[in-house]
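Enquirer: Give the three-dimensional model of this entry:
(4 chains)
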2 protein chains.
Amino acid sequence: MSKSQRLFDLMQILRRHRHPVSGNNLAAEAGVSLRTIYRDIADLQALGAQIEGEPGFGYVLQPGFLLPPLMFSEQEIQALALGAQWVSRQTDDEFALAARDALAKIGAVLPSELRHRIDDNAFHVARRPKQPEAVDLRIVRQAMRDQHKLSIVYRDPKGARTTRTIWPIGVAFFDSRRILAGWCEMRKDFRAFRADRIEKVRLKTDRYPGRRRDLVKRWRAQVDADRRKAVD
Amino acid sequence: MSKSQRLFDLMQILRRHRHPVSGNNLAAEAGVSLRTIYRDIADLQALGAQIEGEPGFGYVLQPGFLLPPLMFSEQEIQALALGAQWVSRQTDDEFALAARDALAKIGAVLPSELRHRIDDNAFHVARRPKQPEAVDLRIVRQAMRDQHKLSIVYRDPKGARTTRTIWPIGVAFFDSRRILAGWCEMRKDFRAFRADRIEKVRLKTDRYPGRRRDLVKRWRAQVDADRRKAVD
DNA sequence: TCGATTGCTGCCAGTTTCTGGCAGGATAAG
DNA sequence: CTTATCCTGCCAGAAACTGGCAGCAATCGA
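Expert: So this is what the prediction gives:
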């Protein structure tokens, strides 16, 4: 029996038993040595399976490795498909692929009557024209995820070119325009940068302090305050 | 990369493409030789995957495989959330609600480490400003779903006001502008109507003949032909 | 405290599998 | 016929897998 087959079987065994299964049991069921089971478990975990092992008990599969069946209304499917289409047409390649992958996974766990709704093409999002932007969304995403600082070269509205270090906290989409928001070390304040004015983006190795979520909160509070001021 | 990982990846690639994928494509995407792809396909089939291969076309994954897809990646969640956000901010209330409901259902099956990614607000879609449009997307959606005709009052570019009966086949989103596409009984041709020029929409009780899918195909073919002509 | 149970890791050597390349066959479309 | 594709057999080198053993760690109950 091939290793792939065995991994597949192990998953099934673990899914079947809700209670912990000892490695010895798995070894017996799979017809393989205990040592190999330990390695297989490690491989499955590397594949993303959430298998918990406790000394004295055994292994349990936590939910969340495989996508369970999902049920949606027709309209919900259409909404998801339209949203995924927008992402796949308006953002960068990597994100576009993620959107299509996600939709494909949803399609795979849908009851068959609903599946065809996914590519129903009743709605159509225009493809974003290739724009010569220096902003690589992948870098920005990575920076936001890992809380890294970004170094950008920015041409401000007056035409002056500055190099700034910012703590990126979000990207906003206004139609086809993109705005990068973050804390600017130079200004010591929150700033929004139009993507088409950013000439260069570089991921810095150092991180910014605090959590991004908290930065977002502070930024929101400030934006709200500004808005109230504008209304007064 | 391990073989098991590759097999999972292949499944996902096949899921993503609804159309046949050639072995060469798979080989390129998986970073492995064509010969290996043939062996992998055979292995997957042995595991129970229903993969059909036709000479001259490629491989297609038939739905109904016993192994559900892997859980979403962080990026896929982000892509879904962003897409749903776009729908909820750029379409009508009913659709917006559907998008949020769908996202909530997805959130319900996510393992806890992923769940927070759903409202991570790293990406922000601008809210579409309220526009005085007579086009009620709900009516259009209903008409498309049930293949009903629509009666619209349209103000054409020259300012002339006409009442037309159209067979609606799709709605396109160009930034915040919306275009209703359909077959126009008056012109006996496909026409695109800017939503901001439509003054009234009424659902007619009679249906149009043929399936909407076929209409879409004919329309696409025509658009492609026009595009080629424009390039010449 | 001690033993029993279980998870987990390192090492090693023999075995197995995997992989890519090549050659060739088959099928269908244009 | 030509092209694109699927598919199989064969081979040799590379890579992995596997089992056994030894040992550590955590937990439970006696």
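
Enquirer: OK, contacts around residue A:182?
Expert: Contacts of residue A:182 were listed using CB atoms under 8 Å, 6 or more residues apart in numbering or on different chains, and they are A:150, A:166-170, A:190-191, A:193. Yep, even glycine has a C-beta here, placed from its N, CA and C like the rest.

Enquirer: ditto for residue A:127
Expert: If you count contacts by CB under 8 Å, 6+ apart, residue A:127 has them with residue A:89.

Enquirer: Regarding it, what is its secondary structure?
Expert: In three-state terms, and counting by DSSP: H, G, I helix; E, B strand; the rest coil, residue A:127 is coil.

Enquirer: Just want the phi and psi numbers for it.
Expert: Geometry field for residue A:127 lists phi and psi as phi -80, psi 140, criterion degrees, to the nearest 10.

Enquirer: What does the pLDDT read for residue A:232?
Expert: The predicted structure scores residue A:232 at 54 on the pLDDT scale.

Enquirer: Hmm, I typed the wrong one, I wanted residue A:64.
Expert: Per the predicted model, pLDDT is 85 at residue A:64.

Enquirer: isn't it right up against residue B:68?
Expert: No - using CB atoms under 8 Å as the test, residue A:64 is too far from residue B:68 to be in contact (11.9 Å).

Enquirer: how about residue A:190, what does it touch?
Expert: Contacts for residue A:190 were tallied using CB under 8 Å, 6+ apart; they are A:181-184, A:218-219, A:222-223.

Enquirer: Please name the two of the residues you listed that end up farthest apart in the structure.
Expert: Taking every pair in the contacts of residue A:190 and measuring CB to CB, the maximum separation is 14.9 Å, between A:184 and A:223.

Enquirer: more crowded one of those two?
Expert: Neighbours per residue (other CB atoms under 10 Å in any protein chain shown) separate residue A:184 from residue A:223, with residue A:184 holding more: 19 against 13.

Enquirer: Identify the residues contacting that one.
Expert: Residue A:184 makes contact with A:164-166, A:190-191, according to CB under 8 Å, 6+ apart.

Enquirer: For residue B:27, state which of those is nearest.
Expert: Using CB to CB, the shortest approach to residue B:27 within these belongs to residue A:166, at 41.4 Å.

Enquirer: Can you name the residues of chain A that neighbour DNA strand D?
Expert: A:3, A:6, A:32-33, A:35-36, A:39-40, A:43, A:54-56 (CB under 7 Å from any atom of the strand).

Enquirer: how does chain A divide into domains?
Expert: A:3-61, A:74-119, A:137-231 (automatic domain parsing).

Enquirer: Report the distance from the first one to the chain centre.
Expert: For domain A:3-61, the gap between its own C-alpha mean and the chain's C-alpha mean amounts to 28 Å (CA atoms, centre = their mean, to the nearest Å).

Enquirer: Quick check: mean pLDDT of that domain?
Expert: Summarised as a single mean, pLDDT over domain A:3-61 is 89.

Enquirer: Tell me if that domain is near DNA strand C.
Expert: Yes - residues of domain A:3-61 contacting DNA strand C under CB under 7 Å from any atom of the strand: A:3-4, A:20-24, A:35, A:38, A:41-42, A:53-59.

Enquirer: most surrounded residue in the contacts of residue A:182?
Expert: Going through the contacts of residue A:182 with other CB under 10 Å as the criterion, the one with the most neighbours is residue A:168, at 28 neighbours.

Enquirer: List the beta-bridge partners for that one.
Expert: Note on residue A:168: beta-bridge partners by DSSP bridges are residue A:182.

Enquirer: Quick one: distance of stretch A:70-87 to the chain centre.
Expert: 18 Å.

Enquirer: Buried ones in it, by neighbour count?
Expert: A:70, A:72, A:75-87 (16 or more other CB atoms under 10 Å in any protein chain shown).

Enquirer: For chain A, what lies in contact range of DNA strand C?
Expert: Contact residues of chain A with respect to DNA strand C, defined by CB under 7 Å from any atom of the strand, are listed as A:2-4, A:20-24, A:35, A:38, A:41-42, A:53-59.

Enquirer: Out of these, which end up buried?
Expert: When neighbours are counted using 16+ other CB under 10 Å, the residues of chain A next to DNA strand C contain these buried positions: A:4, A:20-21, A:23, A:41, A:58-59.

Enquirer: Please consider this matter closed, and thank you.
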